[in-house]
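> Okay, predicted coordinates and the sequence, questions at the end:
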Protein chains: 2
Amino acid sequence: MQGGEDDVSYVNNSDRQALAITLSKPILISSLQTIKLFSTNSPIRITDLGCAAGSNTFTTVDTVVETLRRRYTAVYGGGSLPEIEAFFSDLPSNDFNLLFKLLTEKRRVDSPAKYFAGGVPGSFYDRLFPRGTIHVAVSLSALHWLSQYMQSDHDLENFLKCRKEEIVNGGVLFVLMGGRPSGSCSQFGDQGTRAKHPFTITMEQAWQDLLDEGLIDEETRDGFNIPAYMRSPEEVAAGIDRISGFKIEKMEYMKVVEHSDEKKEEWKKDPVSYGRARTNVVQAAIRPMVEAYLGPDLSDKLFKRYENRVSTNREFLHKTCFYGIVVFSAIRI
Amino acid sequence: MQGGEDDVSYVNNSDRQALAITLSKPILISSLQTIKLFSTNSPIRITDLGCAAGSNTFTTVDTVVETLRRRYTAVYGGGSLPEIEAFFSDLPSNDFNLLFKLLTEKRRVDSPAKYFAGGVPGSFYDRLFPRGTIHVAVSLSALHWLSQYMQSDHDLENFLKCRKEEIVNGGVLFVLMGGRPSGSCSQFGDQGTRAKHPFTITMEQAWQDLLDEGLIDEETRDGFNIPAYMRSPEEVAAGIDRISGFKIEKMEYMKVVEHSDEKKEEWKKDPVSYGRARTNVVQAAIRPMVEAYLGPDLSDKLFKRYENRVSTNREFLHKTCFYGIVVFSAIRI
């Protein structure tokens, strides 16, 4: 994700993630309300895998902490709450300085702090914690990002194998990721389905613009692939089945609307702002990858072409665009 | 500490810390070699409190990990080493992005990683970890920095109270801090002792330069105090005694020479470089505090005056300057 706090940063472009998190929250809470409570003798360890650094970063950990505190208080009374430790994990390139700044600001408001907190740099396709030390692991809007293009099953299995080692028996794994509906074909084999989202077409057109202007060659255009894969619920369930050690409590495909009706009406009056806002969202997600591939100058040009095309294509604001997510909650058995 | 990787950053100005750490290492190793080994059933948790972000950041944790691994291998054989988790902790303003970048580079060399690692932002005068979860806590060249000017005993007691909660029975607390020899008077009451270090005098002269040039007034000059206190071994021992819960294994005052003879000969030929190097060391330590007080422009001027005075005062390179450290190792009882 793009660090910092300017217009193209993740911290200022994470509204739709917030909506997806809100939609899936009941599944997480329901899991936490049915599990057997952990011992009060040792601390509870929670981790958010792929936490990024933005306004959503603390939302889900806060939900977990509040739900568990309420259950422990109901069962044991207020005096014997176990202490809680939360680990925010993402790639080492994540802006942890910003994350810790936001955490410090949050603590000034929340005082006294409800949990101890740390940051863990690393890939969630590797082990991040010692064996059997995590009670609740959550991952939001992150697991559709692959370690390499086309490695979907391999990556999902590595993720699950590592979590199987790290999560204690009875612990919870809650994942929300970009996804496809049940019964749809594999994303890689199905160019038609992939192309359906109008913003995907627009991004392809922006690449074509650079080619038409002689700024890049065909090989450069075709060599860039966003290493993301939208899994179907069946693909996720099959992965969990192959790795074993988890019992699926709930698995759902959901559609998240891209923009509210109010926002759309506002933007219809100001398509240039719309183009800019939309481009900022895309840059927040993929700018670091594009820049590593094209360098900063050509990346600026690519996103400028994209912005122009979005600003001048009124069709977008007259359609209701959705993106899909797959959400599951599983218990370590 | 000053973040980043430029000339005035901590990462490029931490040689004398390295020397102090080398001198005190035998005390740490000897403690680790005599403690009762922790259970192999759960992971061992180590923390470095006030870790900064530089070439020294990993040195001491690496020493702890290597020493423990050797002991466990000798007793249990290679197969049943407990997993190790290391937490690098410092104020939220520390450059954790740089720390995690250095950690990732180090891991590329050390592969496979010998421990899981995380960063914990916060003040070591507060609780940073759940109760009874830390096996070895180290703090290097950090505990002489006070939370506020003149709070020496209060800060030492808070530090010890928090560590008493966090460290398991039988665990180790190892601290190296700036210090004074046994039997010397309190730093606060004794302007003479404080003024003895020639670089302290020079810094006072640089402040006076700003005053003489009409850039600051007397109140501004006198209002700045570096919130640091050099404790004597007796003061540290008395603090440990008041808080209880720790048995001192070893407590020593040591003198660390500022510069090697080779370095001094080199600098005698090039006093301008010497002035710059010396100023970089001072900036790495106190620039953020000075800048918070004076703003960036006046801070530049202050350090420039300091640099000029050091470059033109040949006396420094013809003396052997020392700074003092107090080192102790204690066991949680």
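Done, it's in. Numbers count the residues shown, from 1 in each chain, chains lettered A, B, ... in the order given.
> can you pull the contacts of A:Ser24?
By Cβ atoms under 8 Å, 6 or more residues apart in numbering or on different chains, the contact list for A:Ser24 reads A:Leu176, A:Glu252, A:Met254, A:Ile325, A:Val327. (Each C-beta comes from the backbone N, C-alpha and C, glycine too.)
> how about 10 Å then?
For A:Ser24, the contacting residues are A:60, A:140, A:174-176, A:250, A:252, A:254, A:256, A:325-329, by Cβ atoms under 10 Å, 6 or more residues apart in numbering or on different chains.
> A:Val172: what secondary structure?
Classification of A:Val172 into helix, strand or coil gives strand, according to DSSP: H, G, I helix; E, B strand; the rest coil.
> Contact partners for it?
A:Val172 neighbours (Cβ under 10 Å, 6+ apart): A:28, A:31-32, A:34-35, A:46, A:64, A:134-138, A:246, A:249, A:329-332.
> and with 6 Å instead?
Listed by Cβ atoms under 6 Å, 6 or more residues apart in numbering or on different chains, the contact set of A:Val172 reads A:Ser31, A:Val136.
> Enumerate the beta-bridge partners assigned to it.
On the basis of DSSP bridges, A:Val172 is bridged to A:Val136, A:Ile331.
> where does A:Ala277 land on pLDDT?
A:Ala277 is assigned 86 on the pLDDT scale.
> returning to what we had before: among the contacts of A:Ser24, name the ones in helices.
Using DSSP state H, the subset of the contacts of A:Ser24 located in helices is A:Thr60.
> Relative to A:Arg16, which of the contacts of A:Ser24 is nearest.
For the contacts of A:Ser24, the residue nearest A:Arg16 by Cβ to Cβ is A:Val256; the value is 6.3 Å.
> Name the residues linked to that closest one by a beta bridge.
Applying DSSP bridges to A:Val256 gives these bridge partners: A:Tyr323.
> okay but it is in contact with A:Ala18, surely?
No. If you go by Cβ atoms under 6 Å, A:Val256 and A:Ala18 don't touch, sitting 10.2 Å apart.
> between those two, which one's more packed in?
The neighbour comparison of A:Val256 against A:Ala18 (other Cβ atoms under 10 Å in any protein chain shown) goes to A:Val256, with 19 against 15.
> Give me the distance between A:Arg107 and B:His144.
26 Å (Cβ to Cβ, to the nearest Å).
> now the strands for chain A?
Ranges of strands in chain A, per DSSP state E, are A:44-49, A:84-90, A:116-121, A:134-140, A:167-178, A:246-257, A:322-332.
> Which stretches in the stretch 201-333 of chain A count as helices?
A:218-223, A:233-243, A:261-268, A:271-294, A:296-312, A:315-318 (DSSP state H, counting those that start in this stretch).
> residues making contact with the fifth one?
The reference is to helix A:296-312. So helix A:296-312 is in contact with A:202, A:205-206, A:209-210, A:271-272, A:275, A:278-279, A:283, A:290-291, going by Cβ under 6 Å, 6+ apart.
> Point out where the stretch 51-200 of chain A drops to low pLDDT.
In the prediction, the stretch 51-200 of chain A carries residues with pLDDT under 70 at positions A:186-198.
> how does it look with 50?
Residues of the stretch 51-200 of chain A meeting the criterion pLDDT under 50: A:191-195.
> Spell out which parts of it neighbour chain B.
Residues of the stretch 51-200 of chain A lying close to chain B (Cβ under 6 Å from any Cβ of the partner chain) are A:83, A:85, A:92, A:96-97, A:100, A:104, A:116, A:118-121, A:129-130.
> Quick one, which of the helices of the stretch 201-333 of chain A gets closest to A:Cys51.
Nearest of those (Cβ to Cβ): helix A:271-294, 14.7 Å.
> Which of the residues in that closest one are classified as buried?
Neighbour-count burial for helix A:271-294 flags A:271, A:274-291, A:294 (criterion: 16 or more other Cβ atoms under 10 Å in any protein chain shown).
> what does stretch A:55-71 give?
Buried residues in stretch A:55-71, counting neighbours by 16+ other Cβ under 10 Å, are found at A:Asn56, A:Thr57, A:Phe58, A:Thr59, A:Thr60, A:Val61, A:Thr63, A:Val64, A:Val65, A:Thr67, A:Leu68, A:Arg69.
> distance of the fourth one from chain B?
So the one you mean is A:Thr59. 19 Å (Cβ to the nearest Cβ, to the nearest Å).
> ditto for the last one
To chain B, A:Arg69 is 15 Å away according to Cβ to the nearest Cβ.
> Then the second one?
Taking Cβ to the nearest Cβ as the measure, A:Thr57 and chain B are separated by 13 Å.
> Isn't that residue up against A:Gly50?
No. Contact criterion Cβ under 6 Å: A:Thr57 and A:Gly50 do not qualify, at 10.2 Å.
> Quote the end-to-end distance of stretch A:310-321.
Length of stretch A:310-321, first residue to last, Cα to Cα, to the nearest Å: 14 Å.
> can you check stretch A:209-223 too?
Where stretch A:209-223 begins and where it ends lie 16 Å apart, using Cα to Cα.
> chain center to it, what's the gap?
Distance of stretch A:209-223 from its chain centroid, counting by Cα atoms, centre = their mean, to the nearest Å, is 30 Å.
> what's the answer for stretch A:245-254, then?
For stretch A:245-254 - counting by Cα atoms, centre = their mean - the centre lies 17 Å from the chain centre.
> Could you pull up the mean pLDDT of that stretch?
On average, the pLDDT along stretch A:245-254 is 96.
> re the thing from before, filter the contacts of A:Ser24 to the buried ones?
Going by neighbour count (16+ other Cβ under 10 Å), these have A:60, A:140, A:174-176, A:252, A:254, A:256, A:325-329 buried.
> Please report phi then psi for A:Ser42.
A:Ser42 adopts backbone torsions of phi -130, psi 160, taken as degrees, to the nearest 10.
> Run a quick neighbour tally on A:Ser147.
By other Cβ under 10 Å, the residues close to A:Ser147 number 14.
> which residue packs closest to the residue positioned nearest the centre of chain A, ignoring adjacent ones?
With distances taken as Cα atoms, centre = their mean, A:Ser141 lies nearest the centre of chain A, 1.6 Å away. The shortest distance from A:Ser141 to any residue other than its chain neighbours is 4.9 Å, reached at A:Gln17 (Cβ to Cβ, 6 or more residues apart in numbering or on different chains).
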